[in-house]
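Participant: Here is my input, please return the structure:
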Amino acid sequence: SPRVASIIDEWSLREVAVVLLVAGAGGGLLLAWVWALRRQVRARTRELTDTLGLLARSEARFRTIFESISDAILILDATSGTILQSNPRARDLFGHAAPEESGLGFADLALGMAPFTPAQALDWLDRTAQEPQQFEWMARHRDGHSFWIEVDLRRARFDDETVPRVVMAARDITGRKEAEEKLTRTIDALTHSNTDLERFAYAASHDLREPLNTVVRYAQLLSTRYRGRLDSDADDFIDFVVGAAKQMMRLVEGLLEFSRVDSVGRGFDVVRADRALDLALGYLATSIAETKAEIVRHPLPVVAANEVQLVQLFQNLIGNALKYRDRDRPLRIEISASPVGAFWRFTVADNGIGIDPSYLDHIFVIFKRLHTQSAIPGVGIGLALCKRIVERHGGEISAESRPGAGARFHFTLSVPPPPPTPTPTPTPQD
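Facilitator: Okay, here's the model as predicted:
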């Protein structure tokens, strides 16, 4: 009866087993078995319905991602390259409304000119059997124009797979490639321009040395022979000529030295910075003695550098501290270094007159001076030369200071590369 059916429908398998024992054979046994089977079918049906719902929601999410992603996605036959499925972005990128329906393949999207040929396209597909492939490729739009794409190819496994498939993700990088080419052309033009300017600076400064030497010699000769024999104005005029000629000579020599920085050998050696500092202090020994400067030095590392230029770098920075010392207190110069990643950071600190922080960006510019020639003699090349040397070595240079508190100059140089591992010599076999 319906009442009995309703009761049995709610029974568990254990309850059904009890009924079987009580009912024995006959109609009761059949009734219990039917309703137990019905209960199992309904439970299984609910499980299948839930699973199908999950699959439908998963498919909907996948479809949403596939249709809305900004990259072009193509699903290809891994053997022939035939397009099996495409998303809207792929159809827009290549200009084909339904490439999977027209029998197009990955090879048909290639530019068609070496090295972007259909054969090369199929070769890329073959390589996905070993590992995913990423490369930049020149493709052709349906209307005939070519453009750059960045491609990612990788094998995909599908449950209903009858042929191996490859998922291709592509992104238009034409703008980036054009920017790179423009940047390369600009760098090449700047390189040529800098090379020409360096050659001009070298030639001009080299050719100016001889006539300037002549002017200095004859001005000094004039001062020696005729000083006091003319009026006082003439003596002053002669001094002006001699002073200006010497200053011009220093400028020319500094410019010549500045133009030679990049002409030194391109490779760097493993250099002991302590030795380079010893040499620099030796060249400055007279000035250090005259100013009674205290030199405080800490252990310095080995670096990848050109030793001559490292000596020049120390010499200019320490010489700068000697020049801009505070006459009212003993000069103290400290040289140290500390590791910073793949670099060593050197510091040359002093307790001199200091620099206004607003001028710290200007002090490394060639011929830029913060003091008049009469106040502190110089030509404005020393720190510019330091900057050029450090940058040639792939490092950076900076300064921190304030008036009356001295200055601290920092520069970085690379840690030397590790020595190559020696190849073991094979032992002869008996």
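Participant: Wait, a helix at I335?
Facilitator: No. Counting by DSSP: H, G, I helix; E, B strand; the rest coil, I335 falls outside a helix, being strand.
Participant: tell me which element S398 falls in.
Facilitator: strand 397-401 (DSSP states H and E).
Participant: Now do the helices in the chain.
Facilitator: In the chain, the helices defined using DSSP state H lie at 2-9, 13-23, 27-68, 88-94, 118-127, 174-226, 232-259, 273-283, 285-291, 307-323, 382-392.
Participant: okay, the ones you listed in TSV with mean neighbour count, distance to A139 and mean pLDDT next?
Facilitator: (Glycine included, C-beta is placed from N, CA and C.) Compiled in TSV, the helices of the chain are given as follows (neighbours: other C-beta atoms under 10 Å; distance: least, C-beta to C-beta, whole Å; pLDDT from 0 to 100):
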stretch	mean neighbour count	distance to A139	mean pLDDT
helix 2-9	11	64	48
helix 13-23	12	63	52
helix 27-68	12	20	74
helix 88-94	18	7	90
helix 118-127	16	10	87
helix 174-226	12	10	77
helix 232-259	16	47	70
helix 273-283	17	53	90
helix 285-291	12	67	89
helix 307-323	21	48	88
helix 382-392	21	40	86
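Participant: Including distance to L104, could those helices go into a markdown table?
Facilitator: Output for those, formatted as a markdown table (distance: least, C-beta to C-beta, whole Å):
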| stretch | distance to L104 |
| --- | --- |
| helix 2-9 | 57 |
| helix 13-23 | 58 |
| helix 27-68 | 19 |
| helix 88-94 | 8 |
| helix 118-127 | 12 |
| helix 174-226 | 21 |
| helix 232-259 | 59 |
| helix 273-283 | 64 |
| helix 285-291 | 79 |
| helix 307-323 | 60 |
| helix 382-392 | 52 |
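Participant: Could you point out which of these sits nearest V163?
Facilitator: helix 118-127 (12.3 Å; C-beta to C-beta).
Participant: How far does the closest one sit from its chain's centre?
Facilitator: The chain centre lies 31 Å from the centre of helix 118-127; the measure is C-alpha atoms, centre = their mean, to the nearest Å.
Participant: that older thread, and the angle for the strand holding S398 with helix 307-323?
Facilitator: 10 degrees (axes from the mean of the first three to the mean of the last three C-alpha atoms, to 10 degrees).
Participant: Give me the contact list for strand 397-401.
Facilitator: With contacts defined as C-beta atoms under 8 Å, 6 or more residues apart in numbering, strand 397-401 is touched by 354-355, 357, 360, 363-364, 386-387, 390-391, 407-412.
Participant: Tell me which residues of it come out buried.
Facilitator: I397, A399, E400, S401 (16 or more other C-beta atoms under 10 Å).
Participant: do stretch 329-348 as well
Facilitator: For stretch 329-348, a neighbour-count test (16+ other C-beta under 10 Å) marks L331, R332, I333, E334, I335, A337, F343, W344, R345, F346, T347, V348 as buried.
Participant: and which of the residues you listed is nearest T224?
Facilitator: L331 (35.3 Å).
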